[in-house]
Structures are given as C-alpha cells and as structure tokens.
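In: sequence and predicted structure, then a few things I'm wondering about:
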Amino acid sequence: MKEINVNNNPAELRQMLDYLGVAAFVIDVISADEFRLAAINARHEQLSGMKHAEIAGRSVVELLSPGTVAQLKANYRRCIKNKAAIDYQETLDLPIGRTYWQTSLVPFFDKAGKVTRLLGTAYEISDQVHLELEARYQSTVMSVYLDESPDGILVVDANNLIKTWNRRFLEIWHIPEAVMNARDGEAALSAVVEQVADPESFVRRIRELYLSLNEEEQGVRIQMKDDRILERYSRGLHAPEGNYWGRIWFYRDVTELQRMTEQLLHMSQTDPLTGIANRRVFMQRLEKEYHRAQRYGHPLSVLMLDLDHFKQINDRHGHASGDTVLKEFVRVVTPEIRASDCFARMGGEEFTVLLPESSLRSARQLAQRLCQAVAALTFDSPQGAFGVTVSIGVAALGDNDSSPEQLINRSDRCLYMAKQQGRNCVRPKGDTDDCEISVPML
C-alpha cells in the first residue's frame, strides 16, 4: 500500500484512514485556491453525514457552503505557508447541520518540497461548545441582571471570599472598588460597618448568618448613620447535592418607601385639620387601656369635649373662622395633657381625651382647667370679635363595666348633662358619677 502522500487511489486512502480512531480526511492541494477532498474515513462519515464514495475527488467548493469553504481555505493556506502542522477550532455547516471541531492539519511534501496534500484529524466538540455558549449566555444574562438590578448584590463563597457584586452594591455602601477587587469579605465588612447606626448588632447578625448555613433572612431594616434605611435579604447557596457554596446578599435602599409609609400611616391616624389623633386611633387606644386597667385594677378615665354653639360660629363668622377655632382649641388643650394620654378629634367639634391611671377626681380637675383655658380665648373676624366655650363630660371606669363602650357612653351622657345645664361647664360636679338621662333639650 502506498503512503498517503503518494497514494492516488481513493479506496486505498480510505482504508488507510480507517486505522485512525478519529475523524480523518485527506485534502489534495491543486493550487493556492483549489482544494479537493481526496478521502474521509468511516468515523468522519459517522460524524459529518458525508459519504466517502460521494465526495472523493470533488472540490470543497462543490461540497460545502461559501462561508464554510472560506474558513477551510484560510486554514489550509496557513498550513501550507507554515509548512508545519497546525491546530485550530472550526465551525462547519455540514449535511447534519452546524458542528464544531478541534482539528489538526499535517502537510505532506513532494520531492521538490512543495505541499501537495494535507492530512486532517478532527474531534467533534459540538457538545462542549454548546455548553460553553450556554454558560456564556447565562453569564451575560446574569451580568445584565446584576448591572440593572435596583438591589445591591453581593455573593461570597464558603470561605467568605467575594465572588461577585454589582455596581448598585458599591453605590449603596460607598465601598471603594479596590476593596472589592481584593475579594476579602472581612475587609469589605470593615469598610461598611462604620456607616451603620448600630454597628455592633449589624456585625453580630452578619456573623450569625454566616454560621447558619440554611437560614434565610427577609426584609430586615437597617438604619444608616446618614438617615438612609436599607432592607436586607440573604440566603445560603447550596449545590444540588447539598454542599454549602456560600451566601448571597441583597440590599435595597428603602428610605423613600419608608418615608412614604410613615406619611401614609400618619395620615391614617391623624386628623388633617388639627394634627391630633383621629377617632380610629382613639378607639384602638381605648380598647387597649381598658383591658390593661381591667387586668391590673388601675384607674382609667375619659373626657368628652364639645365646643359650644359651634354651628353658630360657622354660620356667623364663616368656616375659615371655625377652622381657626378648632386649631386654637387644640393648641390650648395639648399642653395640659400628658404624653401618655390620648387627645383625639372624634368628628366636627367633638373631642375626647383618654386618661390612663387617672381617677374621676383628677380627670374632673383637668376638665375644669380646660374649660377655663378655652373660655379665655378670643378671636377676630370681619363680623367682629368673639369667644368660645367648651362643655365636658367626665367618666371613670367602674367595677361593673364590661366593655369600653360603657365608659364612652357614660362620658357622653355627662357631656349631654353639661350641655343641658347651660354649657361651659363640667359634669359630674363632684367626685362621683351623678349624671342621669334627662329629656332632650328642644
């Protein structure tokens, strides 16, 4: 059997190539621009979908697409020019579809030293390339996600070495990129700890999470020294078989969200005109203080206040003057009550004061001071100066009370009696509840 470089019999060439355990082919170099496929072996047929009997002696231009041919010719010319074996990766559009190969080319020379034939051996690496492309795709998607995410993201491995982070993480924590590039998790922690309002608790919790491999943390608020508020999420990362890989941290700046939440909460609890608590807040506090007083046997009292002839003020002096009266009334009453009390507007010109730890006597004394303070107020309007007074009903929790509503009803009844008795006064007059249901005023 002749050697490959001088054998022109396609069948013999095929037989020689079949001894090789990889896909093999022989290229005849006709000229610098013409190359013919002399033979391929059985392994090449299996992997490429081409048949030796159909392609032997034919130009590569006839067999393959223009893009593939241009790529092949470039590699063939390089091997000829180098007059030495070359290795390269190539993408080929073959009858079975697009495939990827790791190829080696060896030149054969005639007696004059001219390259007349090329022997190629190739390993198909399509699966490997597809995995690499998929990994590259996933990496690209992850990179885009990291860059565009509103969260600051940090990933550390099982040894607390930094694996990756995003731009937002640096922005949130004001960490120099050089610190992150050092990959030292402890150094990064040291760089951020002084920014936290409570650094001791912050560091302690971080270390706890590093020790608790399976623990997740969701929505933990972190107060910063610059008044920002961050929200933290964290979870351990594990391999499919359960091995611990590390931990991922998410940080989000929720300062504006917190401000809006607090503002909405304030609006839901506050009377918009006077700025004091509204009816809903008062009833919640009353329920709470009622049960506490019942449980421990402590005193509890309620004042029910109503501005006298308030409709006449609105009708005569205008609603703007009425609003001024309500706000000035609140300004006068507020300094007289304790921080533990609850002063609320129940609606219109009616107000209440909840007085924990206060007996009927002390509550009535406060009510009398409030009557005097309000009566001293004077207001100006285009229709002339005017004053205002308040009627107040007082009630204290009784031994037979079974609900907070009974306390409220009793204070309301006493307010009604104060109105009946000429207004600008407090009922009961003494230290016991002497308010009785009377015929309504006409």
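Out: Yep, that arrived.
In: going forward, measure contacts between C-alpha atoms and count neighbours the same way
Out: Noted.
In: what's the strand ranked longest in the chain in contact with?
Out: The longest strand of the chain (DSSP state E) is strand 97-109. Strand 97-109 has contacts (CA atoms under 8 Å, 6 or more residues apart in numbering) with 5, 76, 79-80, 83-93, 115-126, 129.
In: list buried residues within these.
Out: The neighbour-count criterion (16 or more other CA atoms under 10 Å) marks 5, 76, 79-80, 83, 85-86, 90-93, 115-125 among the contacts of strand 97-109 as buried.
In: in strands, which of the contacts of strand 97-109 fall?
Out: Filtering the contacts of strand 97-109 for membership in strands, criterion DSSP E, returns 86-93, 115-124.
In: what's the burial count for the nearest residue to Q223 once chain neighbours are set aside?
Out: The shortest distance from Q223 to any non-neighbouring residue, by CA to CA, 6 or more residues apart in numbering, is to I229 (4.8 Å). The tally of other residues near I229 (other CA atoms under 10 Å) stands at 21.
In: distance check, I229 against Q258.
Out: Using CA to CA, to the nearest Å, we find I229 at a distance of 8 Å from Q258.
In: just S126 next, same as before
Out: Counting by CA to CA - S126 and Q258 are separated by 53 Å.
In: before we move on, what about A375?
Out: For A375, the distance to Q258 - CA to CA - is 42 Å.
In: and what of V29?
Out: According to CA to CA, V29 stands 76 Å off from Q258.
In: between the two, point out the one with more neighbours.
Out: Set V29 next to Q258 and count neighbours by other CA under 10 Å: V29 wins out with 22 against 15.
In: what's across from that one in the sheet?
Out: Per DSSP bridges, the residues bridged to V29 are F35.
In: from what I can see it touches F35, true?
Out: Yes. V29 lies in contact with F35 (CA atoms under 8 Å); the separation is 5.0 Å.
In: which residues sit against stretch 328-340?
Out: The contact list for stretch 328-340 (CA under 8 Å, 6+ apart) reads 274, 276, 343, 355-356, 366, 370, 373-374.
In: and these, which are buried?
Out: 274, 276, 343, 355-356, 366, 370, 373-374.
In: now those as JSON lines including pLDDT and secondary structure?
Out: Below are the buried ones among the contacts of stretch 328-340 laid out as JSON lines (pLDDT from 0 to 100; DSSP: H, G, I helix; E, B strand; the rest coil):
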{"residue": "T274", "pLDDT": "95", "secondary structure": "coil"}
{"residue": "I276", "pLDDT": "96", "secondary structure": "coil"}
{"residue": "F343", "pLDDT": "97", "secondary structure": "strand"}
{"residue": "L355", "pLDDT": "97", "secondary structure": "strand"}
{"residue": "P356", "pLDDT": "97", "secondary structure": "strand"}
{"residue": "L366", "pLDDT": "96", "secondary structure": "helix"}
{"residue": "L370", "pLDDT": "97", "secondary structure": "helix"}
{"residue": "A373", "pLDDT": "96", "secondary structure": "helix"}
{"residue": "V374", "pLDDT": "97", "secondary structure": "helix"}
